[in-house]
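Q: model this:
(2 chains)
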Amino acid sequence: MSFIPKPIIILCAILFIIIVLGPLLLILAETFTSMDNLAQVFLLNSRQISLFKNSMLVGVSTVCFALLLGVGYGFLISRTDIPLQKFFIFSGLIPLFMPAHITAIGWIKLLNICGFAGNIFFYSWIGVGFVLGLAYFPFIMLLTLTGLNSVDSKLEEAAALIHSKRHVIRKITLPLASAYIASGAILVFVFSLSNYAVPDMLRVNTYPVEIFVQFSAFYDTAKAVILALPLVAVCLLLVFVQRYLMANKSYISLKARNKQKMLFKLGKGKIAAGLFCALVFSLSMGLPMLILIIGAGNLATYAIAFKTAWPQIRNSLLFSFVSATFICLISFPLGYALARAGKKTRLFIDLCSMIPFAIPSAIFGVAMIRFWNRPSTTIIYHTFLVLVFGYTARFSAFAIRAISANISQIHRNLEESAELACQSWSKRLRFILLPLAWPGILASWVLCFALCMGELGVTLLVIPAGEATLPIRIYTLMHYGAHKLVCGLSVILVLIIMLPILIVYLLYNKYKHKLLSNGAI
Amino acid sequence: MIELRNISKSLGKNKILRDISFSVKKADKLVILGPSGSGKTTVLRLIAGLEILDQGQIFFDKKNMNNVVPAKRGVSMVFQDLALWPHMSVWENLAFCLNKQNKTKITEMLSAVGLEDKAKAYPQQLSGGEKQRLALARSLIFNPKILLLDEPLSSIDPLLKDNLIKLILDLQKKMWITMIYVTHDQAEAAQIAQQVILLHQGKIEQKGSLIEIRNNPNNLFVKKFMGVK
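A: Here you go, the predicted structure:
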């Protein structure tokens, strides 16, 4: 813990508590000061039952669909001789950065083109599960890949002396990776329950949609919070189960196919496997993007989109840049502490940083308004700072975990030898820790930037007047029926998100060998 | 002089060290010998300040070091895995340890360990022996008062080992440094120092010269470990 002084870590922890947990604690306290409100929590009316049923159906269908795609995809790219493996790793990851509501817009347009506008199957929990499954399957793919990479090859080899490869994979490899797959399924379930935009677009009344209605239409904070409680309880429980499953395990391992691992020769099945991965990419990203590009028509649409929505594009870029930077600044010391501090501190940071995963974006939005909308904090509430704090509340948990995972991989002796040789913590930080940890910090920044660029749930509720972002503009235009502009702006949004990812991916490939050899990845 | 008084250390429920006391005179050499898991490395880490003591006191020149941070103890350590900073060149690995860039000092140290032509190379481009020499140079460049070596030669061949031991002893003598060397290899211990502490399950089983210990083992463990029939 000698690389970042304790006061800096404590300061970041205080900031995290104020920005992330403060608003949540406040609305909980406000809600339960009234006994009437407390009684309503236990009131099981038909509306509650219907919301619960809809949300669970959305969650289960999303998980089923994401598992179907993610496990197969992860297995194919990690344990088979599938062609174009590196391309498929990349193409399997990028849907992670595409906002789910843009995927939904693409699919809605496609159905309209095919003459299925308003199709009852699509405008139901099945459609929501389908779209969210396509948007979230990379989580399961990533964790399946990491799980398969983590299996000790000796265990498989020992079994391979007795059984066929197929049997070994079924009885040894997959069971050993099952904790990772289950953990991915839980994350997807929780994220799908918290999603506001897709159920809203497909007219399915889930908890986040109802919370938004209760707050924006009736300004009934207490009811919104009470409504969300069963959802939050389920999500918190699952998030802690996920934490238990992933205890001491790394979340990300993007190693290319390991020569030492047992490979499954596909033979003639190579083409089918390649087609499966290509199909998954097409459904999740390729096809919706193609439809949006076609929907936008010619270049003139983009010119008009740029001209009319430039303030929103600029706002999105500025807010996302500032938010991602701020998130990384406070997440780096906390991620470091999560990787290196004593048991109690680690547990505290771990538990605190798990909570945001379980909170729906609409609840965060309501909480931010209640917390910051007061005379003493006008400078925050009436400026884009409220958005920066909102994004920090939603996404800092991702950054803390990614940075912590990266720092855990840096051998402690490298820090200890610097600790003996150099008295200045800032010099140790600058010359030893930051050069070794920068891949994790950069990856976290890009992830947070992409998530902030696409964020809709919190933004819709807390956006200060005149500071609309690009997703808000797209969402508003959708309701006005400006189809061409919606398509054009959606394409622009995806391109802006993808640009830094592409740059980082190219840099990663260029310097991968150097990074691997100096222990940074 | 280094003095350890009644030090104890636990990790969770495991008692790693129990009531250890010993001292080493200035510019003297001491070998801590013992099987794997006996607590040898923990002793070094406590002296360096990388672990916090549960009990006992550590003195350097009669000054209590219990609350002194590692960087202010004047201690350097060669780790078992050498812990060379992979993103820095040989030159940068040495320069980082100095408060101000001192080209002459770095050049002298590189030549003392025979790495003058490898200044621009990165650790991963060095051979095993060269890495050991760089680790040694890095630990000596800031003139520490105490040098701790944690099985630094465990993974190299015997011929190279002899050369490196000679280099370590030469530099220790030239720089007048107090040295504590940890190993499980009796032959290596015999080459390094006369004074030996034999550690087992966190306790000192016997102190003295290797010959004394071999001739008069205190108990059955010492007898077995030293291979006395």
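
Q: And for A:Pro471, the neighbour number?
A: 25 (other Cβ atoms under 10 Å in any protein chain shown). To be clear about C-beta, it is placed using only N, CA and C from the backbone, and glycine gets the same treatment.

Q: which secondary structure element contains it?
A: helix A:470-480 (DSSP states H and E).

Q: who does that helix touch, helix- and strand-wise?
A: Counting contacts by 3 or more Cβ pairs under 8 Å, 6 or more residues apart in numbering or on different chains; DSSP states H and E, helix A:470-480 packs against helix A:100-113, helix A:299-340, helix A:434-454, helix A:457-462, helix A:483-517.

Q: now do 6 Å
A: When contacts are defined as 3 or more Cβ pairs under 6 Å, 6 or more residues apart in numbering or on different chains; DSSP states H and E, helix A:470-480 sits against helix A:299-340, helix A:483-517.

Q: Can you report phi and psi for B:Leu147?
A: With angles defined as degrees, to the nearest 10, B:Leu147 sits at phi -120, psi 120.

Q: since we're on residue 97, how many residues are nearby?
A: Just so you know, I chose chain A. Counted with other Cβ under 10 Å, A:Phe97 comes out at 20.

Q: Actually, chain B is the one I wanted.
A: 22.

Q: is it true that it lies in a helix?
A: No. According to DSSP: H, G, I helix; E, B strand; the rest coil, B:Cys97 belongs to no helix; its state is coil.

Q: On the pLDDT front, check the residue lying closest to it once chain neighbours are set aside for me.
A: Nearest residue to B:Cys97, sequence neighbours excluded (Cβ to Cβ, 6 or more residues apart in numbering or on different chains): A:Ala421, at 4.0 Å. Looking at A:Ala421, its pLDDT stands at 85.

Q: Distance check, the nearest residue to A:Met201 once chain neighbours are set aside against A:Ile140.
A: Once flanking residues are discounted, A:Met201 sits nearest to A:Ala104: 5.0 Å by Cβ to Cβ, 6+ apart. A:Ala104 sits 19 Å away from A:Ile140, going by Cβ to Cβ, to the nearest Å.

Q: what does chain B have sitting close to chain A?
A: B:48, B:50, B:70-71, B:76-77, B:79, B:81, B:83, B:86-87, B:96-97, B:124 (Cβ under 6 Å from any Cβ of the partner chain).

Q: domain ranges for chain B?
A: For chain B, the structural domains run B:2-74+B:147-226, B:90-143, going by automatic domain parsing.

Q: and A:Phe431, which of those domains is closest to it?
A: A:Phe431 sits nearest to domain B:90-143 of all these, at 5.6 Å, using Cβ to Cβ.

Q: neighbours of residue 14, just the number please.
A: All of this is about chain A. 12.

Q: meant chain B, my bad for not saying
A: Counted with other Cβ under 10 Å, B:Asn14 comes out at 10.

Q: Only the buried residues of the helix holding A:Pro471, if you could.
A: A:470-475, A:477-478 (16 or more other Cβ atoms under 10 Å in any protein chain shown).

Q: C-alpha coordinates for it, PDB please?
A: Below are the C-alpha coordinates for helix A:470-480, written out as PDB (Å, rounded to 0.1, in the frame of the first residue of the first chain):
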ATOM      1  CA  LEU A 470     -26.900  12.500 -28.200                       C
ATOM      2  CA  PRO A 471     -28.800   9.500 -26.800                       C
ATOM      3  CA  ILE A 472     -31.400  11.900 -25.400                       C
ATOM      4  CA  ARG A 473     -31.700  13.600 -28.800                       C
ATOM      5  CA  ILE A 474     -32.100  10.200 -30.500                       C
ATOM      6  CA  TYR A 475     -34.700   9.100 -27.900                       C
ATOM      7  CA  THR A 476     -36.700  12.400 -28.400                       C
ATOM      8  CA  LEU A 477     -36.500  12.200 -32.200                       C
ATOM      9  CA  MET A 478     -37.800   8.600 -32.100                       C
ATOM     10  CA  HIS A 479     -41.000   9.900 -30.500                       C
ATOM     11  CA  TYR A 480     -41.400  12.600 -33.100                       C
END
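
Q: Find me whatever residue is spatially closest to residue 96, sequence neighbours aside.
A: I'll assume chain A. Nearest to A:Leu96 is A:Pro138, by Cβ to Cβ, 6+ apart, at 4.0 Å.

Q: You answered for a different chain; I wanted chain B.
A: The nearest residue in space to B:Phe96 (Cβ to Cβ, 6+ apart) is A:Phe431, at 5.6 Å.

Q: Over to B:Asp61?
A: In space, B:Asp61 is closest to B:Met1, 5.9 Å off (Cβ to Cβ, 6+ apart).

Q: ok, that neighbour touching B:Asp28?
A: No. With contact defined as Cβ atoms under 6 Å, B:Met1 does not count as touching B:Asp28 (8.4 Å).

Q: So these two - more neighbours on which side?
A: Neighbours were tallied for B:Met1 and for B:Asp28 using other Cβ under 10 Å; the higher tally belongs to B:Asp28 (17 against 13).

Q: How about that one, nearest residue that isn't a chain neighbour?
A: B:Thr178 (6.0 Å).

Q: Now for A:Lys344, how many residues are close by?
A: 8.
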